[in-house]
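1. sequence unknown, structure follows:
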């Protein structure tokens with residue numbers, strides 16, 4: 001019974017790692033796209049961390065930040081994980097230029113953002 005559990009854990013680890021690697025390599029083979037988009041929604045997902053046996057307090061939850069974008073022309077909505085700072089800056093109904101590669105978020109430049117350094 002112990003050997004079956006061990007090999008099952010190894011198999012699951014291989015499948016998870018294989019999936020992550022395939023997504024990584026798929027994204028690297030895709031061209032970067034720049035699309036004018038509308039920020040549709042933003043939300044967070046929290047995950048509780050693990051505690052050690054000696055630990056008496058619950059660790060702070062890990063938070064992932066997501067933003068949903070809708071292209072202004074054609075195509076369907078896409079959701080990307082973003083940094084906490086970008087998440088705080090974006091507002092629903094805001095428009096701008098989204099740059100992505102496959103399923104990987106690259107950048108978002110809000111419309112009206114000035115790039116002049118005068």
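-> Right, received. Where do you want to start? On a predicted model such as this, the values are computed, not experimentally measured, just so you know.
2. Strands of the chain, start to end?
-> All strands of the chain, identified by DSSP state E, fall at 32-47, 62-71, 78-82, 95-101, 104-110.
3. Just checking: what are the partner strands of the last one?
-> The reference is to strand 104-110. Taking DSSP bridges as the criterion, strand 104-110 pairs within the sheet with strand 95-101 (antiparallel).
4. chain center to the strand it pairs with: distance?
-> Distance of strand 95-101 from its chain centroid, counting by C-alpha atoms, centre = their mean, to the nearest Å, is 14 Å.
5. same question, stretch 26-41
-> For stretch 26-41, the distance to the chain centre is 12 Å (C-alpha atoms, centre = their mean).
6. Can you give me the buried ones in it?
-> When burial is assessed from 16 or more other C-beta atoms under 10 Å, stretch 26-41 yields the following buried residues: 35, 37, 38, 39. C-beta: built from backbone N, CA, C; applies to glycine.
7. what do you get for stretch 8-18?
-> When neighbours are counted by 16+ other C-beta under 10 Å, no buried residue of stretch 8-18 is found.
8. Identify the residue spatially nearest to residue 45, adjacent ones excluded.
-> Spatial nearest neighbour of residue 45, excluding adjacent residues (C-beta to C-beta, 6 or more residues apart in numbering): residue 64 at 4.9 Å.
9. That neighbour and residue 43 touch, don't they?
-> No: counting by C-beta atoms under 8 Å, no contact exists between residue 64 and residue 43, whose distance comes to 9.6 Å.
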